[in-house]
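*Asks:* fold the stuff below for me.
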Amino acid sequence: MTIHFYADRVLHAVFEEGVVLDVETSRLIRARFAEITRGPYVIVGDMRHVAFIDREARAELAGDHGGSLLATATILGTGGVLPFLARRWIAENVIERPVEFFEDTPAALAWAHAKAAELREAGRLP
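*Replies:* Residues are numbered from 1 along each chain as shown. Sure thing, here's the model as predicted:
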């Protein structure tokens, strides 16, 4: 996985080709994000190359981890199983933060940076 953490507290994570996310892997990833961010953040997750995300992993990814994950932009691309899994994720879980799905990186990053500015203005991001 490639990770870039911007100064405005937007974390951009690009998952590698063929990754299968189970709950254990999802927890490890979230722990790594916590180490990097050390506080609240907005995430852009590029999932276009993920092969599958199991139900327990989707439930794990629905959480906000103590309020540190404030908004989620997920890049799904246009085909494959991921758009279906994203709809299942929304239907099966209570997600209390803004979530948007995108086909490409520029749109997702633009949304995330705008959302971070909004959250900073509201006093939720340093």
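
*Asks:* correct me, but R58 touches N93?
*Replies:* Yes. Look at R58 against N93 with Cβ atoms under 8 Å: they come within range, at 6.8 Å. For glycine as for every other residue, the C-beta is placed from the backbone atoms N, C-alpha and C.

*Asks:* quick one: the helices in the protein?
*Replies:* Along the chain, the stretches classed as helices by DSSP state H are 23-37, 55-62, 82-92, 105-121.

*Asks:* what is the burial count for the nearest residue to H65 once chain neighbours are set aside?
*Replies:* In space, not counting the residues next to it along the chain, H65 is nearest to R30; the distance is 5.9 Å by Cβ to Cβ, 6 or more residues apart in numbering. When neighbours are counted by other Cβ atoms under 10 Å, R30 registers 17.

*Asks:* same question, I3
*Replies:* Neighbours around I3, by other Cβ under 10 Å: 12.
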